[in-house]
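*Asks:* here is my input, please return the structure:
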Amino acid sequence: MDSTFQPSLTFLRALGNSCRSFEIQGHRCSRGNFPENTLVGCQEAIESMAQRIEIDLVMTHDGHLVIHHDLSVNPLLCTYLDGSSIEKVDWIENLTLAEIKKIDCGGKIDPEVPDRQPITGTAIPTLKELFDFIKNSKYPRAKTIQLNLEIKTRSLSIDRKYTNHELAGRILQLVKENSFSDRVYYSSFDFDLLQEIRRLDAKAVIGILLTKKKNGITPFEPRQACVQKSFRRTIC
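*Replies:* Alright, predicted model coming up:
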């Protein structure tokens with residue numbers, strides 16, 4: 001769970017028994033206790049009674065889906081495996097999976113979660129690796145754990161390396177190949193991407209993400225300042 005919410009197992013069991021409409025999600029796997037968006041964090045989320053694990057997805061230059069919160073590798077949280085600093089920050093969509101796998105995102109102290117112990121040598125996992133990890137886990141609750149796939153895109157950038165159709169198709173294909181279609185929902189701030197997911201899979205469960213502004217709750221993109229009826233019909 002996030003550092004702001006680290007309930008005891010007793011509380012989680014009581015909550016699960018008394019409030020059926022309340023879903024417990026491990027934010028970025030288990031960000032408050034382990035390096036975010038990592039396999040070790042996901043294992044902690046499963047063991048801590050989370051019903052669903054929230055992760056962030058970005059696609060690499062060679063078409064692999066990796067689990068990382070930002071659209072570029074975060075130098076505040078990550079180094080190279082040899083401990084050297086990341087001096088040149090680039091979009092993940094410009095990096096290959098081989099380049100991503102040279103990065104350690106567990107060895108530095110997270111300034112937002114300073115009490116969490118770093119774990120040197122923690123790699124950025126792929127979505128496929130997470131699927132395999134869950135399927136091979138000996139922990140009983142891994143057989144039922146659900147996923148919230150938050151998809152990150154450079155939605156307004158004209159130099160994007162892939163289209164929404166390519167990204168949505170790749171994610172849906174990987175989810176289907178690993179028999180997780182009934183265990184995931186797809187969330188994003190990018191309305192156009194969610195519409196493409198809906199177009200490709202009429203049964204997909206969609207989550208529209210909004211961000212809080214000073215004048216209230218508004219969509220992430222200024223050009224989509226209101227959710228029109230035509231969009232609601234398409235997405236729902």
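*Asks:* would you quantify the distance from Leu95 to Val89?
*Replies:* 11 Å (Cβ to Cβ, to the nearest Å). All C-beta atoms are positioned from the backbone trio N, CA, C, and that covers glycine.
*Asks:* now for these two: what residues contact both?
*Replies:* By Cβ atoms under 8 Å, 6 or more residues apart in numbering, Leu95 and Val89 have these common neighbours: Val73.
*Asks:* settle it for me: which of the two has more neighbours?
*Replies:* When neighbours are counted by other Cβ atoms under 10 Å, Leu95 and Val89 differ, and Leu95 comes out ahead with 21 against 11.
*Asks:* residues contacting that one?
*Replies:* By Cβ under 8 Å, 6+ apart, the residues touching Leu95 are 60-61, 73.
*Asks:* same thing but at 10 Å, please
*Replies:* Listed by Cβ atoms under 10 Å, 6 or more residues apart in numbering, the contact set of Leu95 reads 58, 60-62, 64, 66, 72-73, 101-103.
*Asks:* can you turn the buried part of those residues into a ChimeraX selection?
*Replies:* ChimeraX command restricting the contacts of Leu95 to the buried ones, with burial defined by 16 or more other Cβ atoms under 10 Å:
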select :58,60,61,64,66,72,73,103
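*Asks:* I'd like the contacts of Leu95 as a markdown table, with secondary structure appended.
*Replies:* A markdown table is the format used below for the contacts of Leu95 (DSSP: H, G, I helix; E, B strand; the rest coil):
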| residue | secondary structure |
| --- | --- |
| Val58 | strand |
| Thr60 | coil |
| His61 | coil |
| Asp62 | coil |
| His64 | coil |
| Val66 | strand |
| Ser72 | strand |
| Val73 | coil |
| Lys101 | coil |
| Lys102 | coil |
| Ile103 | strand |
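*Asks:* can you put the contacts of Leu95 in a markdown table and add distance to Lys143?
*Replies:* A markdown table is the format used below for the contacts of Leu95 (distance: Cβ to Cβ, whole Å):
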| residue | distance to Lys143 |
| --- | --- |
| Val58 | 27 |
| Thr60 | 29 |
| His61 | 34 |
| Asp62 | 32 |
| His64 | 26 |
| Val66 | 25 |
| Ser72 | 35 |
| Val73 | 33 |
| Lys101 | 28 |
| Lys102 | 33 |
| Ile103 | 31 |
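*Asks:* doesn't Glu99 lie inside a helix?
*Replies:* Yes. Using three-state DSSP, the assignment for Glu99 is a helix.
*Asks:* ok, it touching Asp90?
*Replies:* Yes. Glu99 is within contact range of Asp90, at 9.0 Å (criterion: Cβ atoms under 10 Å).
*Asks:* show me which of those two is the more surrounded one.
*Replies:* More crowded of Glu99 and Asp90, by other Cβ under 10 Å: Glu99, with 15 against 12.
*Asks:* need the contact list for that one.
*Replies:* 60-62, 73, 90, 92 are the contacts of Glu99 under Cβ under 10 Å, 6+ apart.
*Asks:* got a pLDDT number for it?
*Replies:* Reading off the confidence values, Glu99 has pLDDT 97.
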